[in-house]
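Participant: the sequence and its predicted three-dimensional model are supplied below.
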Amino acid sequence: MKSSRVAVALLTLLIAFVAVPVDGRQTTVRDLYRVGEEAMLRGDFYGAIESFKLALARNPKYLEPVVGLAESFFFLGEYSEALDYVLRAQELDRGNPDLLNLEGRIRVGLGDFEAAAALFDRVLEQQPNNLDAWFGMAELDLAFGKTTRASERYEQALRVSPQNRRALLSLILILDEQGKRDDAAVFVEDALRYHPRNAQVRFIAAKHYRREGDLAEAEYQALRALEIDPGNREAKRLLGEIYLESGAYERALGVLEELIGAEREQPLVWYTLGVAYRALGRVEEAMNAFAFAFRYQSDDEIARLSLERLITDTLSLDDPRRSRFARYHFALGKQYQERNFLDRALRSYRRGLLIDPHSREGRLRYAEVFRLKGYSAKYLNELKVLLDLGYEEPAILDSVEIQESLRKGSVSEVWGVDQYALVRQVYVLDVFVAEAQTRHPAAEGDLGEYFRSLLRHRERIRVPRAVRTGVGFGEAFGAARSNKSDYFLTVDFVETERRFAAHVAVYGARTGELLDEFQVVRTGNRRVSDALNLLADRIDSILPIAGELIDREFDTALIDLGRWDGVAEDDEWLIIKRSALSLATDRVGFFYKPDDVIGTFTVTRTDELISEGTLAQSRFFDLVNIGDKVIYERTDEAGGEIETPAMPSDLYRRIIAIR
């Protein structure tokens, strides 16, 4: 076996040095391999793949380019392609522990964890101190979210090889992710001391210092990384983001525009440019930059949200660009409507109308969804909005007349109440963004305002003040209490390349007591909007439902709650003295004394925002008056955790990128 491997190696070596004409000059196959190897070291995996394939076209048995292709596809995340090449390499060099380790890493990426562990164990049986196998086992731990176990393996590797760059950098990333910044700083110093001329070391150090808030040191390390590797686009983008965070907007523009000049299809760079232009008040350029970001990456929701916020904040209502960018949401809403996803359709149409409130087609589609959901009064109300906007067309006028005739005999018509003009019980909320770890720099403000817009579309919620970012608990509590709000929310955002997560904590504004909290994680397209809409739904669902008696005729009465609020016929509501009901301080709910219950209200007929019912007294004397409160005591728990996967991160992908 050994002699045959030697023979193959000698034959490969001889063929590798055979000169072949390439581009009109004599170049050896070995030269082609070296070009690919240098490209791979620079992180230019596409160039590496091209060179390695050229080498293999001239010598299909040349081992090193096959291994290079496996590694290049691995670093690009193309694991199936990488597996094909590593298996091909093993046919040329069977039993090579380096190739077994590489196959194991690839199988971790493919999710074939059992096979990966078997490969690493096989190597460690032969070579107990094989560091690459230890690293492979650590990556396997990371894939399962076992970061503590992974860090123990890397520390074990450092005891064998104290200057090992891969172990040092991996520990920095893990400890930063765990919030153990002081521990991470020790390994940052070691990495810089042992490997000062390595661009990746400088780059990871820059990210560490930026996370620490030491922007001056972060800038220094990013500049050193670029001195070592001037073509490092990630380091340039990081430098631009550091300038952006430090308020050096012109410097940020210089770096980012240089990156765009070299390669235009960089969505995240375009987005960051948009943030810089916006900070400098260059609105038109900011809009163009945000638009380019989602042109090159169509699922970049955050870039779209940033653009839409800029549009609504700066453009006049008759600016044609409003119509152009609202069209996306109207088209999406139509797709949802055609598939009978009516709640999603409503959300899309609302977003479109926020951008272009005067859209005839958007308003008609929005109204139509309410008709399909059975809310004829709301449908009629939206048709009248169209008339107010000047669309007095025969078809719309006819629809209004038909709907008005169909409403005869309804609860609102019988009682002569304009239910959509009622001033109903609402909860005043303040929203604060506590922390944001996002790939899109300075995105927390746009995400917070989008979340606020979703909350404001709920009938029982008011968020009158703009979202504040970077606010700690004490400041948030003080502001909410001063504002006399009912509750305040703190929100954290975490965005990776493929996932978006948000965590919300709900506090009572009077006492600052934590009342509930939950998080949601979403992947795939529209993950940002889906996650934040789900959170807004949950906030709405946990708020206690209360209304009041707005009219009465003997034992028949009217309350300002209806089908929209979940009211159904035969529901029994408690009637509480108007001054005796308050919000509980230890939970999301009400506080009242048993003696404050003065009767019950049993629903007999419902409308959209009002309901009719019969009164029953709890006392000998009739103490029930118009203005008294009605509440419905929940029998289920609406709060708690949203059932989503555990919070993942891109830590695994960042660590396997270390070379």
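Facilitator: Structure received.

Participant: so what's the nearest residue to residue 322 once chain neighbours are set aside up against?
Facilitator: Distances taken as C-beta to C-beta, 6 or more residues apart in numbering place residue 356 nearest to residue 322, at 4.4 Å, with adjacent residues excluded. Yep, even glycine has a C-beta here, placed from its N, CA and C like the rest. Applying C-beta atoms under 8 Å, 6 or more residues apart in numbering, we find residue 356 in contact with 322-323, 325-326, 362.

Participant: SS state for the spatially most central residue of the chain?
Facilitator: Centrality entry for the chain: nearest residue to the mean C-alpha point is residue 500, 2.7 Å, by C-alpha atoms, centre = their mean. Here residue 500 is recorded as strand under DSSP: H, G, I helix; E, B strand; the rest coil.

Participant: for the closest residue in space to it that isn't next to it in sequence, give me the pLDDT.
Facilitator: Among residues not flanking residue 500 along the chain, residue 527 sits closest, at 4.5 Å (C-beta to C-beta, 6+ apart). According to the prediction, residue 527 has pLDDT 93.

Participant: show me the contacts for residue 527.
Facilitator: Neighbouring residues of residue 527 by C-beta under 8 Å, 6+ apart: 301, 499-500.

Participant: let's go with 10 Å and repeat that
Facilitator: By C-beta atoms under 10 Å, 6 or more residues apart in numbering, residue 527 lies in contact with 299, 301, 495, 498-501, 520-521.

Participant: now, among the residues you listed, which is nearest to residue 563?
Facilitator: Of all the contacts of residue 527, residue 563 sits closest to residue 520, with 27.1 Å by C-beta to C-beta.

Participant: tell me, how many residues neighbour that closest one?
Facilitator: 24 (other C-beta atoms under 10 Å).

Participant: wasn't it part of a helix?
Facilitator: No. Residue 520: not assigned to a helix; according to three-state DSSP it is strand.

Participant: any idea what it is bridged to?
Facilitator: For residue 520, the beta-bridge partners under DSSP bridges are residue 502.

Participant: pLDDT at the residue nearest to residue 322, what is it?
Facilitator: Note on residue 356: pLDDT of 96.

Participant: and residue 142, by the same measure?
Facilitator: Here, the pLDDT recorded for residue 142 equals 85.

Participant: swap in residue 23?
Facilitator: With respect to pLDDT, residue 23 scores 46.

Participant: circling back: who's in contact with the residue nearest to the centre of the chain?
Facilitator: 301-302, 438-439, 447, 493-494, 520-524, 526-532.

Participant: those in helices, which ones?
Facilitator: Among those, the members found in helices (DSSP state H) are 301-302, 447, 527-532.

Participant: ok, so of those, who is nearest residue 244?
Facilitator: Nearest to residue 244 out of the ones in helices among the contacts of residue 500 is residue 302 (C-beta to C-beta; 15.1 Å).

Participant: wait, that closest one touches residue 447, no?
Facilitator: Yes. Counting by C-beta atoms under 10 Å, residue 302 touches residue 447, with 6.9 Å between them.

Participant: who's more crowded, these two?
Facilitator: residue 447 (27 against 23).

Participant: distance between stretch 235-251 and the chain's centre?
Facilitator: The chain centre lies 23 Å from the centre of stretch 235-251; the measure is C-alpha atoms, centre = their mean, to the nearest Å.

Participant: retrieve the pLDDT associated with residue 639.
Facilitator: pLDDT for residue 639: 43.

Participant: let the chain start at 23 from now.
Facilitator: Okay, residue one is now 23; in that scheme the one you just asked about reads as residue 661.

Participant: report the buried residues of whichever helix in the chain runs longest.
Facilitator: When the chain is parsed with DSSP H, its longest helix is helix 342-360. By neighbour count with 16 or more other C-beta atoms under 10 Å, helix 342-360 contains the buried residues 344-345, 347-352, 354-356, 358-359.

Participant: list the contacts of it.
Facilitator: Contacts with helix 342-360, where a contact means C-beta under 10 Å, 6+ apart, come from 309, 313, 316, 326, 329-330, 333-334, 337-338, 363-381, 383-388, 390-391, 394, 548, 551.

Participant: and stretch 418-436, by the same measure?
Facilitator: For stretch 418-436, the external contacting residues (C-beta under 10 Å, 6+ apart) are 382, 385-386, 389-390, 393, 398-399, 401-403, 405-406, 408-409, 413-415, 439-442, 444, 580, 584, 626-634.

Participant: which of the residues you listed count as buried?
Facilitator: Using 16+ other C-beta under 10 Å as the burial test, the contacts of stretch 418-436 include 385-386, 389-390, 393, 398-399, 401-403, 405-406, 408, 413, 439, 441, 580, 584, 628-634 as buried.

Participant: ok so, going back, of the contacts of residue 522, buried ones?
Facilitator: Using 16+ other C-beta under 10 Å as the burial test, these include 323-324, 460, 469, 515-516, 542-544, 549-554 as buried.

Participant: which single one of those is nearest to residue 225?
Facilitator: Closest to residue 225, out of all of those and judged by C-beta to C-beta, is residue 460, at 18.8 Å.

Participant: how much space between that closest one and residue 148?
Facilitator: With distances taken as C-beta to C-beta, to the nearest Å, residue 460 is found 44 Å from residue 148.

Participant: do the same with residue 56
Facilitator: Separation of residue 56 from residue 148 (C-beta to C-beta) stands at 30 Å.

Participant: before we move on, what about residue 332?
Facilitator: Note on residue 332: its distance to residue 148, by C-beta to C-beta, is 60 Å.

Participant: more neighbours: those two, which one.
Facilitator: Neighbour totals were compared for residue 332 and residue 148, and residue 332 leads with 19 against 11 (other C-beta under 10 Å).

Participant: not counting its neighbours along the chain, what's nearest residue 180?
Facilitator: residue 189 (5.0 Å).

Participant: ok, that neighbour - contacts?
Facilitator: Residues near residue 189 by C-beta under 10 Å, 6+ apart: 153, 156-157, 160, 173, 175-183, 209, 212-213, 680.

Participant: hmm, which of those are the buried ones?
Facilitator: Neighbour counting with 16+ other C-beta under 10 Å marks 153, 156-157, 160, 173, 175-176, 179-180, 209, 212-213, 680 as buried within the contacts of residue 189.

Participant: from those, pick the one nearest residue 61.
Facilitator: Closest to residue 61, out of all of the buried ones among the contacts of residue 189 and judged by C-beta to C-beta, is residue 680, at 17.8 Å.

Participant: I'd assumed residue 195 was in contact with that closest one.
Facilitator: Yes. At 8.1 Å, residue 680 counts as touching residue 195 under the criterion of C-beta under 10 Å.

Participant: overlap in contacts of these two?
Facilitator: Common contacts of residue 680 and residue 195 (C-beta under 10 Å, 6+ apart): residue 226.

Participant: run through the stretch 573-681 of the chain and note the low-pLDDT ranges.
Facilitator: Low-confidence segments of the stretch 573-681 of the chain, defined by pLDDT under 70: 655-672.

Participant: need the strands for it, in chain order.
Facilitator: For the stretch 573-681 of the chain, the strands defined by DSSP state E, counting those that start in this stretch occupy 578-581, 594-598, 604-605, 612-613, 619-628, 633-639, 651-653.

Participant: so of those strands, which one's packed in deepest?
Facilitator: Stretch with highest mean neighbour count among the strands of the stretch 573-681 of the chain: strand 651-653 (a mean of 24; mean count of other C-beta atoms under 10 Å).

Participant: grab the CA positions of stretch 219-235 and hand them over as PDB.
Facilitator: The C-alpha coordinates for stretch 219-235 follow below in PDB (Å, rounded to 0.1, in the frame of the first residue of the first chain):
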ATOM      1  CA  ARG A 219       1.000  40.100  10.400                       C
ATOM      2  CA  ASN A 220      -2.200  38.100   9.900                       C
ATOM      3  CA  ALA A 221      -5.100  40.000   8.300                       C
ATOM      4  CA  GLN A 222      -7.800  37.800   9.700                       C
ATOM      5  CA  VAL A 223      -6.400  38.200  13.300                       C
ATOM      6  CA  ARG A 224      -6.500  42.000  12.900                       C
ATOM      7  CA  PHE A 225     -10.000  41.800  11.400                       C
ATOM      8  CA  ILE A 226     -11.400  39.700  14.200                       C
ATOM      9  CA  ALA A 227      -9.700  42.000  16.800                       C
ATOM     10  CA  ALA A 228     -11.400  45.000  15.100                       C
ATOM     11  CA  LYS A 229     -14.800  43.300  15.400                       C
ATOM     12  CA  HIS A 230     -14.100  42.600  19.100                       C
ATOM     13  CA  TYR A 231     -13.200  46.200  19.900                       C
ATOM     14  CA  ARG A 232     -16.100  47.500  17.900                       C
ATOM     15  CA  ARG A 233     -18.400  45.200  19.900                       C
ATOM     16  CA  GLU A 234     -16.800  46.600  23.100                       C
ATOM     17  CA  GLY A 235     -17.500  50.100  22.000                       C
END
